[in-house]
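In: Predicted coordinates and the sequence they were generated for:
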Amino acid sequence: MDQTASDRILFCWHPPSLDTNRGAGQLVTALRNVLEVCRIRGAGLIFISGHQVFAGHNGKGLVSFCETDIPQPSGAAGDGLFLGETLIKRYCVRYKLPVLIVRPAHVYGPGDERPWVLNTMIRKALMQQEITTHSYKNGAPLLDLIHVHDLARALALAVGKRLTGVLHVASGKSISTHDLANLVVRMARSSSRVVSVKMPGDYSMVRLDSTIEIAIPEWAPTIDLETGLSELIGAVHQGLIKEKT
C-alpha cells in the first residue's frame, strides 16, 4: 500500500438488511468500532453513505441535493446512514480526524446480491416472468445508476487527493423504473411483459448534485448504462445457472 493510502480506512460495508432496524443498528455498531480504530491510530476515514439520507424530503417531484444541504433522512436505511454520518462528524470534531463522507447515487454491478429493484428485474426477465413497476402521483421513481467500477475510481482518486468533507458521486442521468425494466427486457432478449401499477401518494425522488468535477476534475463515468447492464445481466444469468446445477 502506498503512503498516501496507509493512513486512511475505507468503510464501505452496508448490511444486506440495511433497510431494517436491525441492519441500521449493525451499521452504526460496526462504524463505531472502526472509528475507535481510527482514533487510536490517528487515521482518517472514508465512509460510504448514500442518497437515502435525503429520502425524507417533502418535494413532490425530483428534488436535487448538493453536498452542503442538510440531510433529511427517512426509513431505516436513511436513518442508519444519517446516524453514521453524525457519529463520524462528532469524532471529526472531538478527535480531529480527517474524514470524507461519500454519497453515491444508486450503485450497481456484478457481485451485488441485494434484493433491490434492478436485480429483481433482471432475474424476472431471464426467467421470462412478468415485471411489475410502480407509478405514483408524482410519476414513476427515477434512478441515477452509477457503476461500481466508476465509484471505485472516484474513491481511489479521492484517497490520492486526500479529500475531506462530503462528496457526491453520481452519473447525472436519471431513468424511470418503468423505462429501466423495458431496457432490461430488451437487452436480455426476454419475452417478459412490463406492467405498471398505480400507487397512492407521492414517491420521494432524490437527485444528487455533485461538485466532483471540481474536486476530482479527471473523473467522469466511463461505463454507460447499456454496457453496465449487459455485464450485470450476464453475471446474474451465470448465477441462475449455478443455482440450477
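Out: Sure thing, it's come through.
In: Low-confidence ranges, the chain, go.
Out: Scanning the chain for pLDDT under 70 picks out 1-6, 114-115, 240-245.
In: in it, which spans are helices?
Out: Ranges of helices in the chain, per DSSP state H, are 21-41, 75-95, 117-126, 148-161, 177-187, 212-215, 225-244.
In: Could you look over those and pick the most buried one?
Out: Between those, helix 117-126 has the highest mean count of neighbours, a mean of 21, where neighbours are mean count of other CB atoms under 10 Å. In this view, the C-beta of every residue, glycine as well, is placed from N, C-alpha and C.
In: helices and strands around it, which ones?
Out: Judged by 3 or more CB pairs under 8 Å, 6 or more residues apart in numbering; DSSP states H and E, helix 117-126 is in contact with strand 131-135, helix 177-187, helix 225-244.
In: roughly how far out does that helix sit from the chain middle?
Out: Here the centre of helix 117-126 is set off from its chain's centre by 18 Å, with CA atoms, centre = their mean, to the nearest Å.
In: now what about it, what contacts it?
Out: The contact list for helix 117-126 (CB atoms under 8 Å, 6 or more residues apart in numbering) reads 106, 108, 112-113, 130-131, 143, 145, 177, 180-181, 184-185, 188, 190, 192, 232-233, 236-237, 240.
In: For that helix, C-alpha coordinates in CSV please.
Out: Taking Å, rounded to 0.1, in the frame of the first residue of the first chain, the C-alpha atoms of helix 117-126 are listed here in CSV:
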residue,chain,number,x,y,z
VAL,A,117,-35.2,-3.4,-7.9
LEU,A,118,-32.6,-3.8,-10.7
ASN,A,119,-31.5,-7.3,-9.7
THR,A,120,-35.1,-8.3,-9.4
MET,A,121,-35.9,-7.0,-12.8
ILE,A,122,-33.0,-8.9,-14.4
ARG,A,123,-33.9,-12.2,-12.6
LYS,A,124,-37.5,-12.0,-13.7
ALA,A,125,-36.5,-11.1,-17.3
LEU,A,126,-34.2,-14.1,-17.5
